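Enquirer: pasting the sequence and the predicted model now:
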Amino acid sequence: MPPLRIHRAGMEELELLIRSRVDFCLRDHPANPEEVAAFRPQVEAWTRSNLENGNYHGYFGFLGDDLVCCAGLLLYTLPPLVRHFDRKQGHVLTFFTYPEFRSQGIGRALMNFIVQDAKALGVQQLVLNATPMGEPLYEKTGFSDPKFRNLVLSIE
């Protein structure tokens, strides 16, 4: 088996970033072809805009020519706190290992790469939304329950 190659994606990989986001979303939210056709341009516009302004970084892992995993990192800054002025955060998004490549340490390698890259980008804290399937991996890479729980209100 070829070695796993992980890298941060550039604008030249925009199409692959879009495809991986669409694949990720369709995993949990099946859609008909018309819905996918309407969704894809929205993903492209968001991804292009956020890559260009530096708020988003995409990541890919390959075995040979096969795309085996992907993720994204959305960067933002929270307002200062006492003794904590610079509060750069990273939200891990679209963290996905294709099913046929799971349970091989690939997701853990990808997360370790993202953590190191986030440090280099000056990020102080990473957050993510964990599925039950992903939670053990995230805990193994150092994520833990926050002191304060996030609550969500969907406004529709």
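Expert: Nice, thanks for sending it over. Numbers count the residues shown, from 1 in each chain.

Enquirer: now do the buried residues in the lengthiest strand in the chain.
Expert: The strand spanning the most residues in the chain, taking DSSP state E as the definition, is strand 66-78. Going by neighbour count (16 or more other Cβ atoms under 10 Å), the buried part of strand 66-78 is 68-73, 75. The C-beta positions use only the backbone N, C-alpha and C, and glycine is treated the same way.

Enquirer: could you do stretch 117-134 as well?
Expert: Within stretch 117-134, the residues that count as buried by 16+ other Cβ under 10 Å are 117-118, 123, 126, 128, 130, 134.

Enquirer: okay, and which of these map to helices?
Expert: Taking DSSP state H as the definition of helices, the buried residues of stretch 117-134 contribute 117-118.

Enquirer: of the buried residues of stretch 117-134, closest to E13?
Expert: Nearest to E13 among these is D117, at 15.4 Å by Cβ to Cβ.

Enquirer: and the residue nearest to that closest one when sequence neighbours are not counted, how close does it get to E156?
Expert: Distances taken as Cβ to Cβ, 6 or more residues apart in numbering put R8 closest to D117, at 6.1 Å, once the chain neighbours are dropped. Per Cβ to Cβ, to the nearest Å, R8 is found 34 Å from E156.

Enquirer: neighbour count: those two, which is higher?
Expert: Counted by other Cβ atoms under 10 Å, R8 and E156 do not tie: R8 has more neighbours, with 15 against 2.

Enquirer: local confidence estimate at that one?
Expert: Here the pLDDT value assigned to R8 is 96.

Enquirer: renumber starting at 3 from here on
Expert: I'll keep to 3 as the first residue from here, and by that count the last item is R10.

Enquirer: other residues contacting stretch 37-45?
Expert: 20, 23-24, 27-28, 33 (Cβ atoms under 8 Å, 6 or more residues apart in numbering).
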